[in-house]
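Asks: Sequence first, then the predicted structure, then my questions.
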Amino acid sequence: MITYLILGIVAAALVLGVLPYNRLVRLRERYRNAFAQIDVQLKRRYDLIPNLVEVAKGYLQHERETLDAVIRARNNAQAAAGKAASNPGNPAAMQGLGGAELVLGQQLGRFFGLVESYPSLKGSENMLQLQEELGSTENRIAFARQAYNDAVMRYSAARGSVPTLFVANALGFFPAEFFEIDAPGERGAPRVSFT
């Protein structure tokens with residue numbers, strides 16, 4: 001009788017350990033796969049940016065500093081994306097990527113501000129096509145980022161629940177970080193002025 005009781009306790013312990021473990025593995029793989037989708041779109045965008053700069057070079061020769069800043073920001077973001085891709089969900093890597101993407105977005109904003117002041121560049125067929133491709137890629141990145149953040153949320157919720165929390169801590173299932181790009185004022189309500 002005691003043997004059956006001990007076997008029952010051992011079996012229950014295994015079930016309580018194996019089921020949460022398997023669930024954590026599935027959820028971790030989902031957020032890793034979701035990040036891989038972001039990575040594909042980021043690479044596409046990183047490949048488009050040098051083409052944009054190349055098209056603009058002929059028109060913006062005296063704006064070399066801005067063009068160089070865009071390329072530097074692109075290279076930094078690409079390096080940060082590589083670090084994040086090697087360990088999706090790692091808090092330091094994800095925060096580094098978010099910061100690098102913020103700087104890249106700011107530099108692209110400056111770049112497109114300059115493009116607006118050059119009608120012949122703005123109307124260039126190559127520039128229009130590249131801008132359209134970049135806009136489409138930005139939308140894909142946004143969708144992929146949402147899917148990744150949703151997967152991280154599910155993983156984090158499972159990881160934080162009992163008894164899964166004990167299994168997660170014991171077996172090295174570390175917390176995963178969301179992919180957030182916090183621009184100053186991004187979360188606040190837009191100001192509208194009628195003056």
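Replies: Perfect, I can see it now.

Asks: Name the SS class of the nearest residue to Arg74 once chain neighbours are set aside, please.
Replies: In this structure, Arg74 finds its nearest non-sequential neighbour in Ile49, 4.6 Å apart by CB to CB, 6 or more residues apart in numbering. All C-beta spots, glycine's among them, are computed from the backbone N, C-alpha and C. Three-state call for Ile49 (DSSP: H, G, I helix; E, B strand; the rest coil): helix.

Asks: Okay, the residue lying farthest from the centre of the chain and Val15: tell me how far apart.
Replies: What lies farthest from the middle of the chain is Met1; by CA atoms, centre = their mean that is 55.7 Å. Distance, Met1 to Val15, using CB to CB, to the nearest Å: 21 Å.

Asks: Pull the contacting residues for Cys45.
Replies: For residue 45 the amino acid is Arg, not Cys. Going by CB atoms under 8 Å, 6 or more residues apart in numbering, Arg45 touches 134, 137-138, 141.

Asks: Output the helix or strand of the chain with the lowest mean pLDDT as PDB - backbone C-alpha positions only.
Replies: The weakest-scoring helix or strand in the chain, judged by mean pLDDT, DSSP states H and E, is helix 119-122 (a mean of 85). C-alpha atoms of helix 119-122 as PDB (Å, rounded to 0.1, in the frame of the first residue of the first chain):
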ATOM      1  CA  PRO A 119      10.300  68.400 -55.300                       C
ATOM      2  CA  SER A 120      12.300  66.700 -58.000                       C
ATOM      3  CA  LEU A 121      13.500  64.000 -55.500                       C
ATOM      4  CA  LYS A 122      10.100  63.600 -53.900                       C
END
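
Asks: Buried ones in whichever helix or strand comes after that helix, by neighbour count?
Replies: Next along the chain after helix 119-122, taking DSSP states H and E as the criterion, comes helix 125-159. The neighbour-count check on helix 125-159 (16 or more other CB atoms under 10 Å) flags 127, 130-131, 133-134, 137, 140-141, 144-145, 147-149, 151-152, 155-156, 158-159 as buried.
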